[in-house]
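Visitor: fold the following and give me the result.
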Amino acid sequence: MAPFERPYLTRALVELLLLGGLAAVVGVFVLLRRLAFLADALTHTVFPGVVVGFLIGGTQGIFPGALVVAAVAAGLFTLLAATRRVAEDAALAILLTGFFALGVVLVSRRSSYTADLTAFLFGRVLTVRVADIVATAAVAVVVLAVLAALRKELLLVAFDPQGARAAGYRVAVLDLVLNLAIALVVVAAVRAVGTVLVIALIVVPAATARLLSDRFAVVTVLAAALGMAGGWIGLLVSYKVSVDHGVRLATGATVVLVLVAGYLLALAADTARRHAKLAKPRATAGPPTDAVGAPADTAVQEAGPRVGGDEPASPYPGEPRPDGAVTR
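Guide: From the prediction side, this is the model:
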């Protein structure tokens, strides 16, 4: 019998494909905004919501409980960051430790404290139900639709927040939208991979895709494909090793290891490519050239505008670059 002909593995595969694609797309925006720490913090702040939902409604209460707390945490962080009286990293630390400690206190009141805590932290993707898949699909539709509708505005805020404010965009509202999108992904992934490993689904595929391309559209598609492939390969490896060799592997952790292995391979390939480019012999005649062989006096013109602290500002005021490039 083929592995994915088993109903529980089929459900797990569908859930991981949905989560892998959704989390990776959101992860592209997370990396652009440098919000990886925020995403990690939100994965822990939903913990008390997961516990309260479980205590009240069992497994069916996990999603709504986590959703409420995630929305509250995202709103509080956006509010604290907007006041500018509290540094963003301090606000994150306060929310992360406070919410997570509350969750631990609540879950410690149960006799099955250790088992429940393990499930909440690391997930149990093989136990997902059809209802969980439907909820994840609904979250994916909402989040992807919002990101697609606000893509231009979110990119502008990522590349030039001051310019976005000057152009009349409500940056705080856009920040809240992105924070809520991150929170929704975390909530959707809690049952499958837990609150600890979900950050890998968000960050690792996007970071890997970023090594392979500079264009926003290409990076987004690659990230989604890598996230889905990592879920499929990780689930298959976990099943094969457990069944064929009698070695139990946690599915969620195996998926994360597959994603990290893909990132390391992409990083090695990118490093080798850069070294090979730098090692090419320079021309002996002609005007001075830059590191990649372009004439020095035209290198900046040919390279075009890039986004960075010491690089030329974008010549497209009020909107992101039209080629959709994501600069290194």
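Visitor: wait, what's in contact with the residue positioned nearest the centre of the chain?
Guide: By CA atoms, centre = their mean, the chain has its centre lying nearest to residue 202, at 1.9 Å. By CB atoms under 8 Å, 6 or more residues apart in numbering, residue 202 lies in contact with 23, 24, 26, 27, 30, 36, 39, 182, 185. The way it works is simple: take the backbone N, C-alpha and C, and place the C-beta from them, glycine included.
Visitor: verify the contact between the fifth one and residue 36 for me.
Guide: I take that to be residue 30. Yes. If you go by CB atoms under 8 Å, residue 30 and residue 36 touch, sitting 5.9 Å apart.
Visitor: what sits in contact with each of these two?
Guide: The contact lists of residue 30 and residue 36 share 202, 203, where a contact means CB under 8 Å, 6+ apart.
Visitor: which one of the two is surrounded by more residues?
Guide: Ranked by neighbour count (other CB atoms under 10 Å), residue 30 and residue 36 place residue 30 first, with 27 against 16.
Visitor: element containing that one?
Guide: Residue 30 belongs to helix 7-33 when assigned by DSSP states H and E.
Visitor: and the next helix or strand past that helix?
Guide: Past helix 7-33, further along toward the C-terminus, the next helix or strand under DSSP H and E is helix 36-45.
Visitor: which helices and strands sit right next to that following helix?
Guide: helix 7-33, helix 62-83, helix 88-107, helix 171-212 (3 or more CB pairs under 8 Å, 6 or more residues apart in numbering; DSSP states H and E).
Visitor: quick check: angle from the second one to helix 36-45?
Guide: Read that as helix 62-83. Angle between the axes of helix 62-83 and helix 36-45 is 140 degrees (criterion: axes from the mean of the first three to the mean of the last three CA atoms, to 10 degrees).
Visitor: what helices or strands is helix 62-83 leaning on?
Guide: Packing partners of helix 62-83 (3+ CB pairs under 8 Å, 6+ apart): helix 36-45, helix 47-57, helix 88-107, helix 171-212.
Visitor: now the ones you listed as TSV including distance to residue 65?
Guide: TSV is the format used below for the helices and strands packed on helix 62-83 (distance: least, CB to CB, whole Å):
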stretch	distance to residue 65
helix 36-45	13
helix 47-57	2
helix 88-107	10
helix 171-212	9
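Visitor: so, low pLDDT: which residues of the protein?
Guide: 1, 3, 84, 86, 111-117, 281-328 (pLDDT under 70).
Visitor: let's see 90
Guide: 1-9, 32-129, 131-132, 135, 154-180, 182-199, 214, 239-240, 242-253, 273-328 (pLDDT under 90).
Visitor: and the helix holding residue 30, what does it pack against?
Guide: On a contact count with 3+ CB pairs under 8 Å, 6+ apart, helix 7-33 meets helix 36-45, helix 130-149, helix 151-159, helix 171-212, helix 216-245, helix 251-279.
Visitor: nearest to residue 82, out of the ones you listed?
Guide: Closest approach to residue 82 among the helices and strands packed on helix 7-33 is made by helix 171-212 (4.9 Å; CB to CB).
Visitor: relative orientation of the closest one and helix 62-83 in degrees?
Guide: Using the same axes, to 10 degrees: helix 171-212 against helix 62-83 is 110 degrees.
Visitor: what angle sits between helix 171-212 and helix 130-149?
Guide: Here the directions of helix 171-212 and helix 130-149 differ by 100 degrees (the same axes, to 10 degrees).
Visitor: got the angle for helix 171-212 vs helix 47-57?
Guide: Orientation check (the same axes, to 10 degrees): helix 171-212 against helix 47-57 gives 100 degrees.
Visitor: what angle do helix 171-212 and helix 88-107 make?
Guide: Between helix 171-212 and helix 88-107, the angle comes out at 90 degrees (the same axes, to 10 degrees).
Visitor: got a list of contacts for stretch 174-185?
Guide: Against stretch 174-185 from outside (CB under 8 Å, 6+ apart): 19, 22-23, 26, 29-30, 33, 35, 38-39, 42, 46, 67, 70-71, 73-75, 77-78, 81-82, 139, 142-143, 146-147, 150, 153-154, 157, 164, 198, 201-202.
Visitor: how close does residue 148 get to residue 27?
Guide: 16 Å (CB to CB, to the nearest Å).
Visitor: tell me which of these two has more neighbours.
Guide: With neighbours defined as other CB under 10 Å, residue 148 and residue 27 compare such that residue 27 has more, 32 against 9.
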